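Enquirer: Quick one: sequence and predicted model below, then my questions.
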Amino acid sequence: MHLSMWTYPWDIQDQGLEAIAGELRDRAGLNTVSMATSYHAGRFLQPRSPKQKAYFPEDGTVYFRPDESLWQDKVIRPLMAGNVGERGDMLEALVKGREKTGLKVSCWTVCLHNSRLGMLHPDHVTRNAFGNANYYNLCPSSPAARDYVVTLVRDITTNYRPDMVELESPNFMGFAHEYHHEKDGVGLNAEDDFLLSLCFCDHCTARAGKAGVPVEGARRTVAHFIAEFCERAIPERQFPDFPAAGIDAFRDHPDLHAFLAWRSEPVTSLIGEIKAAADPASRIVLIDLKDGWLGGVDLAAAGKLCDGVILCCYEMQPDAVGDVIRTGRAAIGPEKFLGVGLRVFYPEVGGPTILAARAKAAVDAGADGVNFYNYGLIPAKRLDWVRAAVDAIG
């Protein structure tokens, strides 16, 4: 059973490798650490840190030492976070210390969610139906963005040899994604956000057009719907069976429906290219959500090309967790790794009983492992809740 906790490198730097390994292994009962190796900006309340209760990481950096020989001819290149040079390469320490700590190492790797790189490379970000850039999301149709992510994972796996790489955001992202000081006076509903997230950049337009997709008709349809909801006094539902019906919620708009059916192609093929370029010693798994199709993820197709998936089941009751895992297992098949992601935030999780029930529901439904979120963001006493969940599935 894969039992891991998502962890930031500065957690290890602040607490010390021996201390954090002991807590994860002995107190929480885990056998793996999932450390962020590529990450975005944010503001984090750090209750565990003795030094910094509020932390603002650098935007869009990597937490390992990139191999320059792999990056010399790349349009989009990674930036090593300052604390790697200042405080040490925690990925190297984890990998080299596996035998001593007893913990396997997984690399939690943010792929296309990168505002710093988006600002530097505006020709390679997603753009809505009006051509406006979403700087936080490199586009999976962009050759340069694809090359960046493929090389990123190749670099990590060939030079560090982790046990696993967890791919976060190798796909299209929603419009509302906690960018700095987001403003929305309209009151966007879920379908409005989805329509604003659809990408019609030059790369998507060319790729879809080459596949015979009526992309311009789709763009005009989406632009029309966006203009309509921007004119309403109060938001209204235009598609009553969204998102439950999937892309068929748009079946009465054939150009848009055809575009949405195509939209998973760049995501699926990118996951395949990542896996093909990675060192085979490292398992490549996708981090996804219940309705991953909203981001262009075809779980069944992606599952055929990588080693498995971790489905995040935050804010769900145990029965719903079980349903998501059963659906995920049916999509990827019996041989692939299937994990569940559970958050240990209050009041979403009020105590050890509900966390244990969610973990047990996932494992009973066919999950091969559990990832808990997040070591540095929760009080130490909640590691005992994690241990209760581990014991419940033991």
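Expert: Cool, the structure landed. Numbering: from 1, shown residues only.
Enquirer: residue ranges of the strands in the stretch 1-150 of the chain, please?
Expert: Taking DSSP state E, counting those that start in this stretch to define them, one finds strands in the stretch 1-150 of the chain at 2-7, 32-39, 44-45, 54-55, 61-62, 104-110, 125-127, 133-138.
Enquirer: want to throw those strands into TSV with mean neighbour count?
Expert: In short, each C-beta sits where N, CA and C put it, glycine included. Converted to TSV, those look like this (neighbours: other C-beta atoms under 10 Å):
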stretch	mean neighbour count
strand 2-7	25
strand 32-39	26
strand 44-45	14
strand 54-55	14
strand 61-62	22
strand 104-110	25
strand 125-127	24
strand 133-138	24
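Enquirer: Turn these into CSV, including distance to residue 188 and mean pLDDT.
Expert: Shown next, in CSV, are the strands of the stretch 1-150 of the chain (distance: least, C-beta to C-beta, whole Å; pLDDT from 0 to 100):
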stretch, distance to residue 188, mean pLDDT
strand 2-7, 28, 98
strand 32-39, 27, 98
strand 44-45, 26, 96
strand 54-55, 29, 95
strand 61-62, 30, 98
strand 104-110, 24, 98
strand 125-127, 17, 98
strand 133-138, 14, 97
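Enquirer: Reformat those as JSON lines; add distance to residue 383.
Expert: Listed next are the strands of the stretch 1-150 of the chain as JSON lines, based on distance: least, C-beta to C-beta, whole Å:
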{"stretch": "strand 2-7", "distance to residue 383": "9"}
{"stretch": "strand 32-39", "distance to residue 383": "13"}
{"stretch": "strand 44-45", "distance to residue 383": "17"}
{"stretch": "strand 54-55", "distance to residue 383": "19"}
{"stretch": "strand 61-62", "distance to residue 383": "28"}
{"stretch": "strand 104-110", "distance to residue 383": "18"}
{"stretch": "strand 125-127", "distance to residue 383": "38"}
{"stretch": "strand 133-138", "distance to residue 383": "32"}
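Enquirer: Indicate which one of the ones you listed is closest to residue 375.
Expert: Among the strands of the stretch 1-150 of the chain, strand 2-7 comes nearest to residue 375, with 4.3 Å by C-beta to C-beta.
Enquirer: Please state the offset of that closest one from the chain centre?
Expert: Distance of strand 2-7 from its chain centroid, counting by C-alpha atoms, centre = their mean, to the nearest Å, is 15 Å.
Enquirer: what angle separates it from strand 104-110?
Expert: Taking axes from the mean of the first three to the mean of the last three C-alpha atoms, to 10 degrees, one finds strand 2-7 and strand 104-110 inclined to each other by 50 degrees.
Enquirer: Can you tell me what sits against strand 2-7?
Expert: 20, 24, 28-36, 104, 106, 108, 164, 337, 339, 368-376, 386, 390 (C-beta atoms under 8 Å, 6 or more residues apart in numbering).
Enquirer: Now do the helices in the stretch 201-350 of the chain.
Expert: Ranges of helices within the stretch 201-350 of the chain are 202-210, 215-231, 254-262, 264-277, 299-305, 318-332, based on DSSP state H, counting those that start in this stretch.
Enquirer: among the ones you listed, which is nearest residue 177?
Expert: helix 264-277 (16.3 Å).
Enquirer: what are the C-alpha coordinates of the closest one, in CSV please?
Expert: What follows is helix 264-277, C-alpha atoms only, in CSV (Å, rounded to 0.1, in the frame of the first residue of the first chain):
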residue,chain,number,x,y,z
SER,A,264,-8.4,15.9,-24.6
GLU,A,265,-6.0,15.0,-27.5
PRO,A,266,-3.2,17.4,-26.6
VAL,A,267,-3.4,16.4,-22.9
THR,A,268,-3.5,12.7,-23.5
SER,A,269,-0.6,12.8,-26.0
LEU,A,270,1.5,15.1,-23.7
ILE,A,271,1.1,12.5,-20.9
GLY,A,272,2.2,9.8,-23.3
GLU,A,273,5.3,11.8,-24.3
ILE,A,274,6.2,12.5,-20.7
LYS,A,275,6.1,8.8,-19.9
ALA,A,276,8.1,7.8,-23.0
ALA,A,277,10.9,10.2,-22.2
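Enquirer: starting at the chain centroid, how far to it?
Expert: So, by C-alpha atoms, centre = their mean, the centroid of helix 264-277 is 15 Å from its chain's centroid.
Enquirer: Output the contacting helices and strands for that helix.
Expert: Counting contacts by 3 or more C-beta pairs under 8 Å, 6 or more residues apart in numbering; DSSP states H and E, helix 264-277 packs against helix 143-160, helix 202-210, strand 283-288, helix 299-305.
Enquirer: so where's the stretch 151-300 of the chain uncertain?
Expert: Applying pLDDT under 70 to the stretch 151-300 of the chain flags residues 178-179.
Enquirer: Recalculate using a threshold of 50.
Expert: Filtered on pLDDT under 50, the stretch 151-300 of the chain yields no residues whatsoever.
Enquirer: What sits closest to residue 234 if chain neighbours are left out?
Expert: residue 187 (7.3 Å; C-beta to C-beta, 6 or more residues apart in numbering).
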